[in-house]
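Undergrad: Generate coordinates for the sequence data below:
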Amino acid sequence: MEVAVKMAEGFQLIPLAEMRELSGIEVFRRLLDGRFPPAPIAQTLDFSLVEVEEGRVVFAGTPDLRHYNPLGTVHGGYIATLLDSAMACAVHTTLAAGLGYTSVEIKVNFVRPLTEKSGLVRAEGKVISVGRRVATAEGYLIDGDGKLAAHGTTTCLIFPI
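TA: Presented below is the predicted three-dimensional model:
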């Protein structure tokens, strides 16, 4: 089976037909060990999947000037994207083959600003509840000094793919 489909500018996606055949945890194990390409958003914002288990996912990245807002700190969108990815992907790890999801709501609380001096940041998502149609998860973004920079929650809609 072909592992990836080429897209514009060298980005790749996992073929949907292959995704339908794998449980969520199988997908994420293949992402972690490099058998599947990272999501284009992870490539664009330069963050990586670093840990995965059923109901829990961790992404890590080092923010730099590319991620800044006009006020001289890391843009909230970067932080929200890492948290959204971690929380929603934690939900994905619990899904059976043939099921997908989408975030229908996220809430992010920004606790402290990030800068290029924040070091490696880690966004950890953990499942709170998974039902037949709706799942919830929480997430924490920790800076390079081990301090909480942001936290959030998500609600995801589950559907057949």
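
Undergrad: can you map out the helices along the protein?
TA: Taking DSSP state H as the criterion, the chain carries its helices at 16-21, 24-32, 40-45, 76-92.

Undergrad: who are the neighbours in contact with the closest residue in space to Asp145 that isn't next to it in sequence?
TA: What sits nearest to Asp145 in space, not counting adjacent residues and going by CB to CB, 6 or more residues apart in numbering, is Gly119, at 7.0 Å. The C-beta positions use only the backbone N, C-alpha and C, and glycine is treated the same way. Applying CB atoms under 8 Å, 6 or more residues apart in numbering, one finds that Gly119 lies in contact with 62, 143-145.

Undergrad: CSV please, covering the helices of the chain and showing distance to Pro160, mean pLDDT and mean neighbour count.
TA: Rendered in CSV, the data for those read as follows (distance: least, CB to CB, whole Å; pLDDT from 0 to 100; neighbours: other CB atoms under 10 Å):
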stretch, distance to Pro160, mean pLDDT, mean neighbour count
helix 16-21, 9, 90, 13
helix 24-32, 13, 97, 19
helix 40-45, 24, 94, 15
helix 76-92, 14, 98, 24
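
Undergrad: looking at those helices, which is closest to Thr102?
TA: Thr102 lies closest, by CB to CB, to one member of the helices of the chain: helix 76-92, at 7.9 Å.

Undergrad: tilt between that closest one and helix 24-32?
TA: Per axes from the mean of the first three to the mean of the last three CA atoms, to 10 degrees, the angle that helix 76-92 makes with helix 24-32 is 130 degrees.

Undergrad: Keeping just the C-alphas, turn helix 76-92 into CSV.
TA: Coordinates of the C-alpha atoms in helix 76-92 are reproduced here as CSV (Å, rounded to 0.1, in the frame of the first residue of the first chain):
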residue,chain,number,x,y,z
GLY,A,76,-1.4,32.8,20.2
GLY,A,77,-2.3,30.9,17.0
TYR,A,78,0.9,28.9,17.3
ILE,A,79,0.1,28.0,20.9
ALA,A,80,-3.6,27.2,20.1
THR,A,81,-2.5,25.0,17.1
LEU,A,82,-0.1,22.9,19.3
LEU,A,83,-2.8,22.5,21.9
ASP,A,84,-5.6,21.7,19.3
SER,A,85,-3.3,19.2,17.7
ALA,A,86,-2.4,17.4,21.0
MET,A,87,-5.9,17.4,22.3
ALA,A,88,-7.7,16.3,19.2
CYS,A,89,-5.0,13.7,18.3
ALA,A,90,-5.4,12.2,21.8
VAL,A,91,-9.0,11.6,20.9
HIS,A,92,-7.9,10.1,17.6
